[in-house]
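Chemist: below are the sequence and a predicted model for it; my questions follow.
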Amino acid sequence: MKKCNHNNITFMQRQNRNLGSLRDDLKKTARICKVLSVDTRLKMIHILQKRSLCVNALARVLGITPAAVSQHLRILRDADIVIAERRGYFIHYQVNQEELEKWYEVLREFFMRNYGEWGL
């Protein structure tokens, strides 16, 4: 019977840590892709990068109902990609540029990473 080689165990522990990190990265990437998978949300992000707007103004620009805009904004707010600012009676929404830049880096890393480093 072969003895267990301690070096192999250490290697496997490293691999498990690396795979754990990879799993976390993949979950984050999947979440971003899910939020960005709806063309209306992409349009909203594009519009809100240029200027902040309220729900009704976004609805007019996009040609959809204010209720639909609100549903999409909830998803974008939950993902921290859009932030709200109260102006009198209205709430105006704008892109959270810092978070958008973080998302860009996550996606760039995902597509540019050499998965050989993970042993895949």
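Modeler: Nice, thanks for sending it over. Keep in mind the model is a prediction, meaning the values are calculated, not measured.

Chemist: so for the protein, the centremost residue is which one?
Modeler: The chain has Ile32 as the residue nearest its centroid, 2.7 Å off, counting by Cα atoms, centre = their mean.

Chemist: mean confidence for whatever helix or strand that residue lives in?
Modeler: Ile32 belongs to helix 6-36 when elements are defined using DSSP states H and E. When pLDDT is averaged over helix 6-36, the result is 71.

Chemist: after that helix, heading C-terminal, what element do we hit next?
Modeler: Following helix 6-36 in sequence, per DSSP H and E, is helix 39-50.

Chemist: buried stuff in that next one?
Modeler: Using 16 or more other Cβ atoms under 10 Å as the burial criterion, the residues of helix 39-50 that qualify are 41, 43-45, 47-48. Heads up, the C-betas are built off the backbone N, CA and C, glycines and all.

Chemist: cool, and stretch 86-98?
Modeler: 92-93, 95-96.

Chemist: next: stretch 58-73.
Modeler: Residues of stretch 58-73 classed as buried by neighbour count (16+ other Cβ under 10 Å): 58-59, 62, 64, 69, 72-73.

Chemist: that older thread, which of the buried residues of stretch 86-98 sits closest to Lys28?
Modeler: Using Cβ to Cβ, Asn96 comes nearest to Lys28 of the buried residues of stretch 86-98, at 16.1 Å.

Chemist: list the residues that contact that closest one.
Modeler: 80-83 (Cβ atoms under 8 Å, 6 or more residues apart in numbering).

Chemist: go again using 10 Å as the cut-off
Modeler: By Cβ atoms under 10 Å, 6 or more residues apart in numbering, Asn96 lies in contact with 48, 76-77, 79-83, 102-103.

Chemist: give me the distance between the closest residue in space to Leu26 that isn't next to it in sequence and Arg31.
Modeler: Excluding its sequence neighbours, the residue lying closest to Leu26 (Cβ to Cβ, 6 or more residues apart in numbering) is Phe110, at 7.9 Å. According to Cβ to Cβ, to the nearest Å, Phe110 stands 12 Å off from Arg31.

Chemist: ok, the two, which is more surrounded?
Modeler: Phe110 (16 against 13; other Cβ atoms under 10 Å).
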